[in-house]
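> fold the stuff below for me.
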Amino acid sequence: MGHKYEPLVLAQLLPQLAEEIARRLAEDAEGAEFAPQVPTLRILSRCGCKEPGCASFTTGARRSGKHPTPVRTIALFSTRRGMSDIIIDVVEGKIVNVEILDRTDIAAVLDEAFAKLRAGTA
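Numbers count the residues shown, from 1 in each chain. Now for the predicted structure:
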């Protein structure tokens with residue numbers, strides 16, 4: 001019997017990050033309506049760029065091909081030292097991608113979690 005992949009839940013894996021994203025979305029005029037989605041976001045895959053500190057991940061699928069689905073981008077710029085800018089992509093009302101750069105701490109947690117999934121030990 002094969003191993004069934006269960007997507008990682010952002011709020012369980014990185015609760016402080018989930019809280020930060022939800023708070024920043026709630027405080028943003030363009031992003032407030034998407035804040036309630038954050039507690040249930042599932043991390044489907046990691047960004048494959050291999051840049052040090054990239055902690056970006058996908059939470060949903062985008063349609064591609066001849067008629068790709070329009071993407072709405074919400075930039076949550078940081079105003080506090082030690083916090084990163086976060087870019088949220090939304091397709092058809094759902095958060096599909098979270099881009100976070102220069103956060104080696106978050107990248108390390110994500111890399112470890114995905115390594116466990118690949119090894120079948122998660």
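> name the SS class of the residue positioned nearest the centre of the chain, please.
In the chain, the residue lying closest to the centroid (C-alpha atoms, centre = their mean) is residue 98, at 3.5 Å. Counting by DSSP: H, G, I helix; E, B strand; the rest coil, the backbone at residue 98 sits in strand.
> give me the pLDDT value at it.
For residue 98, the pLDDT comes out at 96.
> next, count neighbours for residue 46.
Applying other C-beta atoms under 10 Å, we find 17 residues neighbouring residue 46. To be clear about C-beta, it is placed using only N, CA and C from the backbone, and glycine gets the same treatment.
> hmm, back to that, the residue nearest to the centre of the chain is in contact with residue 20, isn't it?
No: under the criterion of C-beta atoms under 8 Å, residue 98 is not in contact with residue 20, lying 11.0 Å apart.
> overlap in contacts of the two?
Residues touching both residue 98 and residue 20 (C-beta atoms under 8 Å, 6 or more residues apart in numbering) are residue 86.
> quick revisit: please name the residues that touch the residue nearest to the centre of the chain.
Going by C-beta under 8 Å, 6+ apart, the list of residues near residue 98 reads 21, 41, 56, 57, 58, 59, 86, 87, 88, 89.
> at 6 Å instead, please
57, 88 (C-beta atoms under 6 Å, 6 or more residues apart in numbering).
> beta partners for it?
Residue 98 has these beta-bridge partners by DSSP bridges: residue 57, residue 88.
> next one: residue 74
residue 88.
> what's it in contact with, if anything?
30, 31, 88.
> what do you get if the cut-off is 8 Å, keeping everything else the same?
So residue 74 contacts 25, 28, 30, 31, 34, 87, 88, 89, 90 (C-beta under 8 Å, 6+ apart).
> give me the number of residues near residue 78?
Neighbour tally, residue 78, other C-beta under 10 Å: 12.
> I meant to write residue 73 there.
11.
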